[in-house]
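Engineer: For reference, the sequence and a predicted model appear below.
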Amino acid sequence: MRRFVTSLVAILSAVQIVAQQLPERPKLVVTITVDQLRTDLLYLFYEAFGENGFKKLINQGAVSFDMAFPFDNLDQSNSVATIFTGTTPFYHGVVGNEIYNPKRNVHTPLLLDREYMGNFSPETLSPRALLTSTVSDELKVASDNLSEVYSVAPTAEQAILSAGHASNAAFWIDNTTGMWATSTYYRDAPYYFENYNITEPLNQRIEESDWSLQNSPSFYRYLPFSQRDFGFKHTFSKSKLDNVKLYKQTPLVNQEVGRFVSLLFKNSTLGKRTNPDLLNISYFAGSYQGRSISDNALEIQDTYIRLDQEIARLLHEIDANVGLKNTLVVLTSTGYFDASVDSPERMRIPTGDFYPRRATSLLNVYLMAIYGQGQWVDGYSNGELYLNRKLIDDKQISLSEIQTKSAEFLVQMSGVQDVVCSHTLMHGMTNDANQLQRNRYHRKLSGDLLLEFQPGWCINYEGEKKNQQVRASTFSAPLIFFGANIVPQKIERTVFATEIAPTVCSFLRIRAPNGSREKPIRELFRR
């Protein structure tokens, strides 16, 4: 009996020690995903920031300045989907903002879903193309739908993919109406959302707004190649083509996101109930109209300085409504930077042009010489070539054989560094060199041949759309955990975006998304 009691006491003591080590669950989790936020620019502009924005997060949070995505060809959709699912496009199915139909040679939004109408938007969108669960979904399941989960973002892709399938609502600024919008897929379109659109219509404010420097040009001295000593003024009148899209490439959109978040805090019960809640917020920190940093030096500096002020306002709002000690704040980036990088010819940097349309035609001629007449190549999109699967099946030709022959032909073209067959990726014949391609590949949406180009070369679409210069994405993205139970520290290793979702779920004490295979970031749970 004495031995039994002693063992029981030991077990209870061990349970008590473990319980003491577990951090208290936050009442609210706020994720901040900043599109195209760069670590190097945070370093450069650090002195220009105030004390209550980025500096507060960096100095009082757990910080990694080297967050990376385990796949290539990043864009807004596949990066956000990866952050919130904890897995890659190979599993979650979000290969990019758009999907390509090679038979019709058209691109369609990946989130297009004609079963659901837009609310203040002509677009019909839903998250059903997202094939795995998200942090938002798992919190809803764990709380039996009692937790409140909202997503607010400039774009539909950011809002819907962070919201997942089960959130209360996802809100974004519609490109056509210039109003805050959502989808009828989500069942919670609160009255104050509609009232805000009616009483404070954003489209009118966009047309009347302009973006100019917040400070004198001499203040913006943090980019060494900035040569302009005068400011700028960008306007967004209705007469301008794509005026809403242009507005969404400025720091003004971050201020508008902040206004809408304030509306949520004022009218909801976020962080004020027994069950924890989740608020997903997205901001913009990219280049205006996709210009180079040298062309947009003043604009980029002003964007970061204004974003810092917006982060400070958000932290103040969280503290006033819920308390920072009760809130877990997670800030990260989409990990890419969409800006032109053309090098002047006078610099004599090696370059050349790759023409996808010509490459497609030449490959088709080559395959006809081997297999007979027919349209063997369906099309090209974003570095991927699509073969005519039906014709290949009808002719009873081995798919791996025709892919291999095609790859051997294409790799001889100028500007082509390597070609990987989908058969190789699907059947696990990968190595360190093509693992990134496998992670961003999806068997139902991606092409048969994935091309890697020589750095510095230009993908020339011959007038169809903007040409693209090949450049490796070498900058690092930040990841910061701040607030409830976070011990300030610097995480020195590379942290992958797929580690974010299971880490947030660990703080919430819920299971990780169903496609997540990573463990929580271990440094955050050391005591």
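Structural biologist: Happy to help now that I have it.
Engineer: next helix or strand past the helix-or-strand element of the chain with minimal mean pLDDT?
Structural biologist: For the chain, the helix or strand with the lowest mean confidence is helix 2-21, at a mean of 48 (criterion: mean pLDDT, DSSP states H and E). Later in the chain than helix 2-21, the nearest helix or strand by DSSP states H and E is strand 28-35.
Engineer: Using PDB, write out the CA atom coordinates for that following strand.
Structural biologist: This file holds the C-alpha atoms of strand 28-35, laid out as PDB (Å, rounded to 0.1, in the frame of the first residue of the first chain):
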ATOM      1  CA  LEU A  28      -6.500  35.600 -28.600                       C
ATOM      2  CA  VAL A  29      -4.000  34.700 -31.400                       C
ATOM      3  CA  VAL A  30      -3.300  37.500 -33.900                       C
ATOM      4  CA  THR A  31      -1.400  36.400 -37.000                       C
ATOM      5  CA  ILE A  32       0.100  39.200 -39.100                       C
ATOM      6  CA  THR A  33       1.200  38.200 -42.600                       C
ATOM      7  CA  VAL A  34       3.000  41.000 -44.400                       C
ATOM      8  CA  ASP A  35       3.100  40.400 -48.200                       C
END
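Engineer: So which elements touch the helix or strand just after that strand?
Structural biologist: Using DSSP H and E, the next helix or strand after strand 28-35 towards the C-terminus is helix 39-45. Judged by 3 or more C-beta pairs under 8 Å, 6 or more residues apart in numbering; DSSP states H and E, helix 39-45 is in contact with strand 62-68, helix 297-321, strand 477-483. Placement of C-beta: from N, CA and C, glycine included.
Engineer: Buried deepest among those, which one?
Structural biologist: When you average the neighbours per residue for each of those (mean count of other C-beta atoms under 10 Å), strand 477-483 leads with a mean of 26.
Engineer: got a list of contacts for it?
Structural biologist: With C-beta atoms under 8 Å, 6 or more residues apart in numbering as the test, strand 477-483 has contacts from 26, 37-39, 42, 56-58, 60-65, 67-68, 324-325, 327-335, 491, 495, 500, 503, 521, 524.
Engineer: and that strand with helix 297-321, angle?
Structural biologist: Counting by axes from the mean of the first three to the mean of the last three C-alpha atoms, to 10 degrees, strand 477-483 lies at 20 degrees to helix 297-321.
Engineer: how about the strands of the stretch 351-500 of the chain, start to end?
Structural biologist: With DSSP state E, counting those that start in this stretch as the criterion, the stretch 351-500 of the chain has strands at 353-354, 377-381, 384-387, 416-421, 449-453, 458-459, 468-469, 477-483, 489-490, 495-496.
Engineer: among those, which is nearest Thr360?
Structural biologist: Of all the strands of the stretch 351-500 of the chain, strand 377-381 sits nearest to Thr360, with 5.1 Å by C-beta to C-beta.
Engineer: Send me that closest one as PDB with only the CA atoms.
Structural biologist: Taking C-alpha atoms only, strand 377-381 is exported to PDB below (Å, rounded to 0.1, in the frame of the first residue of the first chain):
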ATOM      1  CA  VAL A 377       2.200  19.800 -76.400                       C
ATOM      2  CA  ASP A 378      -0.800  21.500 -74.900                       C
ATOM      3  CA  GLY A 379       0.800  24.600 -73.500                       C
ATOM      4  CA  TYR A 380       3.200  26.500 -71.300                       C
ATOM      5  CA  SER A 381       2.600  28.400 -68.000                       C
END
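Engineer: Begin at 59, not 1, for the rest of this chat.
Structural biologist: I'll keep to 59 as the first residue from here, and by that count the last item is strand 435-439.
Engineer: Return the list of strands paired to that strand, each annotated with direction.
Structural biologist: Strands adjacent to strand 435-439 in the sheet, as given by DSSP bridges, are strand 442-445 (antiparallel).
Engineer: So what's the gap between the partner strand and the chain middle?
Structural biologist: 25 Å (C-alpha atoms, centre = their mean, to the nearest Å).
Engineer: Neighbours of Val199, how many?
Structural biologist: 14 (other C-beta atoms under 10 Å).
Engineer: got a list of what it touches?
Structural biologist: Here Val199 is in contact with Ser191, Ala224, Ile568 (C-beta under 8 Å, 6+ apart).
Engineer: And the helices in the stretch 359-508 of the chain, which stretches?
Structural biologist: 414-429, 447-452, 457-468, 480-484, 493-498 (DSSP state H, counting those that start in this stretch).
Engineer: Indicate which one of those is closest to Ala139.
Structural biologist: helix 493-498 (11.1 Å).
Engineer: which helices and strands sit right next to the closest one?
Structural biologist: helix 147-150.
Engineer: Let's see the helix it packs on as PDB, backbone CA atoms only.
Structural biologist: Backbone C-alpha positions of helix 147-150 (Å, rounded to 0.1, in the frame of the first residue of the first chain) are rendered in PDB as follows:
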ATOM      1  CA  PRO A 147       1.500  22.700 -52.400                       C
ATOM      2  CA  PHE A 148       2.300  19.000 -53.000                       C
ATOM      3  CA  TYR A 149      -0.400  18.300 -50.400                       C
ATOM      4  CA  HIS A 150      -2.500  21.500 -49.900                       C
END
